[in-house]
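In: Got a sequence here, can you model it:
(one chain, ligands or ions: 1)
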Amino acid sequence: MRAIDDYIASFDEDLGYLNWAAFGPISPAARAALVADAELLATGRPEGIAATAGRTTEAQTAVAALLGSAPDEVTVHPSSTHALQQALTGLDGVVIASAAEFPSVTITLERAAAASGGRLAPRWIAPAGTRVTADAVIDALDPDVTALVVSHVDFRSGYRADLAALREALGKDRLLIVDAVQSFGVVDEDWAVADVVVGHGYKWLRSGRGTGFARFTDRARERIRPVLSGRIATAVEGLPADVLPDPALSAQAYAVSAPDPLAASRLAAGVAEIGAVGVRAVEDRLSGNVDVLLGIADRHGIDVASPREPAERAGIVVLAPADPQRVGDVLAAAGCQVTVRSGTVRVAPHAGTTAETLGLFDAALDDARQFTRS
Ligand SMILES: Cc1ncc(COP(=O)(O)O)c(C=O)c1O
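Out: Coordinates of the predicted model:
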């Protein structure tokens, strides 16, 4: 069997699951890694504890391989919001962000500014359709702007930002900080254009919670003070007791305390299976499923609010039926899991979503026909 077929065959979530943008049911590989390491940690034997000690490095190496970066530029965190805190609290100047971003961006930036003693200020923008385009950023630029923080794929509209265009709009001296939660592992991107990339493993990587990560380039390390840097983030070997060393000079400065090996092993397993198949192959299968969903929406005459162009989308399809709540109720009764929010129905398949699940969704929309059109 081809690697991509093995990967697709590993999806064993319930029939009707179309909510990958909210939570990714944990893959068999990540479950197996968790159980194996929990067993190793169950006895207290030094060799068991030592055997799990390398999981963080394995996760960093796997994430770095997909990012095209060095493993020591990658740090692991309890969540992507923790990783964003590391980036945003260390910034100076004016930072552009859309006011409609996921709260991991908006609230974290607001709190960082409040704690900065006037060093840092957000510049909120409200681009049309919550699409952070290069033009929207150029309109907000002035010499005070030091950085842009942006979701690669917007959680609400499904819009995939053009990172290369944003990089060009910012110029080389400003930082591009990217929340890749809704794209990492399922969009084949050139991450080198970003100075900081954060993500997590509990959606598209199928690794469960506790699996945040970040990549800080050398340029980011020069510009972002490691304000929240903790005890494992110094150059000192072993426990830095009775000394107060500076943060490490590498990206490892943006770490706090010893990571959870059970989270790191799940993350390593989830990322490694995508690495073995290739992100492009995963993206192609996912894109095929998105096309099927768009066809289903069109057949039912339901407005689609998310982008249709493959370059402007990832795995999120946003439907705007006449009565989203009633449509959501019918879908739930039929066993389809989606997110109903902000007057829309967000549907998110993965590469391994089956024809049966897409068929169930199609049939449920038949049942919801009185609520789909105005
Ligand atoms: C774009 C985006 N960023 C961040 C998050 C939250 O991530 P975490 O729970 O790792 O902080 C989400 C969760 O849905 C999200 O969609």
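
In: separation between the closest residue to the ligand within the stretch 201-350 of the chain and Val197?
Out: Nearest to the ligand, among the residues of the stretch 201-350 of the chain, is Gly212, at 5.0 Å (Cβ to the nearest ligand atom). Where C-beta positions appear, they are placed from N, C-alpha and C, glycine not excepted. Separation of Gly212 from Val197 (Cβ to Cβ, to the nearest Å) stands at 12 Å.

In: who's more crowded, those two?
Out: Shown here are Gly212 and Val197; by other Cβ atoms under 10 Å, Val197 has more neighbours (32 against 25).

In: contacting residues around whichever strand or helix holds Gln370?
Out: Using DSSP states H and E, Gln370 falls within helix 369-372. Contacting residues not belonging to helix 369-372 are listed as His300, Gly301, Ile302, Pro321, Ala322, Asp323, Arg326, Val327, Val330, Leu365 [Cβ atoms under 8 Å, 6 or more residues apart in numbering].

In: cool, and stretch 326-338?
Out: Here stretch 326-338 makes contact (Cβ under 8 Å, 6+ apart) with 14-19, 319, 321, 340, 345-348, 357, 360-361, 363-365, 367-368, 371-372.

In: gap between the two ends of stretch 79-98?
Out: One end of stretch 79-98 sits 21 Å from the other (Cα to Cα, to the nearest Å).

In: nope, stretch 10-19 is what I meant
Out: Stretch 10-19 has its terminal residues 17 Å apart, counting by Cα to Cα.

In: buried sites along it?
Out: Residues of stretch 10-19 classed as buried under the neighbour-count rule (16 or more other Cβ atoms under 10 Å) are Phe11, Glu13, Gly16, Tyr17, Leu18, Asn19.

In: And for stretch 299-310?
Out: Buried residues in stretch 299-310, defined by neighbour count with 16+ other Cβ under 10 Å: His300, Ile302, Val304, Ala305, Ser306, Pro307.

In: pLDDT (mean, whole number) over it?
Out: In this model, stretch 299-310 carries a mean pLDDT of 97.

In: ends of that stretch, how far apart?
Out: The first residue of stretch 299-310 is 20 Å away from its last residue (Cα to Cα).

In: Check the offset of it from the chain's centre.
Out: Remark: stretch 299-310 is offset 23 Å from the chain centroid, using Cα atoms, centre = their mean, to the nearest Å.

In: try stretch 173-193
Out: With Cα atoms, centre = their mean as the basis, the mean position of stretch 173-193 lies at 9 Å from the chain mean.

In: Which positions within it qualify as buried?
Out: In stretch 173-193, counting by 16+ other Cβ under 10 Å, buried: 174-187, 189, 191, 193.
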